[in-house]
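# Starting from these lines, generate the structure:
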Amino acid sequence: MPENIVKPYQEEGSKKEQVTTMFDNIASKYDLLNGVLTLGIDKSWRKKAVAELNPEIHQKILDVATGTADIAIEINNQISPQEIIGLDISPEMINYGDKKVEKKEMTSVISLEVGDSENMRFEDGYFDATTVSFGARNFGNLEKGLSEMHRVTRPGGKIVILEFSKPRMFPFKQGYNFYFKYILPNIGKMTSKDPKAYKYLYESVQAFPDYDNFADILRKIGFRSVVWTPLTLGICTIYTGIK
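Numbering: from 1, shown residues only. Next comes the predicted model:
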């Protein structure tokens, strides 16, 4: 099934519209569920992704699909850049992200805004680096979203993407698939008012072009020196590239 066909709900409406609705619905539980569903490992994944940035040359950074601003906050913690802008299509996710940024007293560096990853307001080459964490598979049009990230990154700038991938090692692969397909949606049902979001998580990960397939898309768009690094036996992968 092509990546851009997988949508959270069965009814009519574009993937982009449905993803917005889904994240608006689960925003209040998003951080809690992330920790529970990944057993807290997601924090170490984010730290490793942000460690790909260089504090000496990456001072203006865009975090696409920023959600509740976890990556933006981690970037500020690790490298203290001049400016971080977090962009997300879900107003409710931005609302919760704003509260976290304000509580951590980071508003002088981090600003969050509602926006479409496939049609961004920023000028060409404005950012030293662009990032996206667990959001690329939610783009309505994957190549268009990545092309926009390429456009707003300056020549020589870096892209860092953290995304779920499909483990390949037996028997871990089988256990992972069972957990994501059967256990995770049931946890979502008990804790979220939108259990379909967790069924979508499994389906979107299965459909996403990971590893070399995703690296090839980044190269096609125009990034060079593309490298991918699997984490936790391939549950997720860090992808990097240079414009």
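
# going forward, measure contacts and count neighbours with C-alpha atoms only.
Fine.

# okay, now the nearest residue to residue 41 once chain neighbours are set aside: neighbour count?
Nearest residue to residue 41, sequence neighbours excluded (Cα to Cα, 6 or more residues apart in numbering): residue 35, at 7.4 Å. The tally of other residues near residue 35 (other Cα atoms under 10 Å) stands at 13.

# Likewise for residue 120?
15.

# what helix or strand is it on?
Counting by DSSP states H and E, no helix or strand carries residue 120.

# residue contacts, the nearest residue to it once chain neighbours are set aside?
Take residue 120 and drop its neighbours on the chain: the residue closest to it by Cα to Cα, 6+ apart is residue 148, 7.0 Å away. Contacts here follow Cα atoms under 8 Å, 6 or more residues apart in numbering; on that basis residue 148 touches 117, 118, 119, 120.

# so which strand or helix has residue 148?
helix 142-152.

# where does the protein have low pLDDT?
In the predicted model of the chain, residues 1-5, 10-12, 36-37, 188-195 satisfy pLDDT under 70.

# Run through the strands of it in chain order.
Using DSSP state E, the strands of the chain run over 60-64, 83-88, 110-114, 127-133, 153-164, 224-231, 236-242.

# can you pull the buried residues of the helix holding residue 148?
142, 143, 145, 146, 147, 148, 149, 150, 151, 152 (16 or more other Cα atoms under 10 Å).

# Which stretch among the strands of the chain approaches residue 201 most closely?
strand 153-164 (9.4 Å; Cα to Cα).

# which residues touch the closest one?
Contacts of strand 153-164 (Cα under 8 Å, 6+ apart): 45-46, 49-50, 52-53, 58, 124-137, 149-150, 205, 235-243.

# can you tell me how far residue 7 sits from residue 198?
Between residue 7 and residue 198 the computed distance is 12 Å (Cα to Cα, to the nearest Å).
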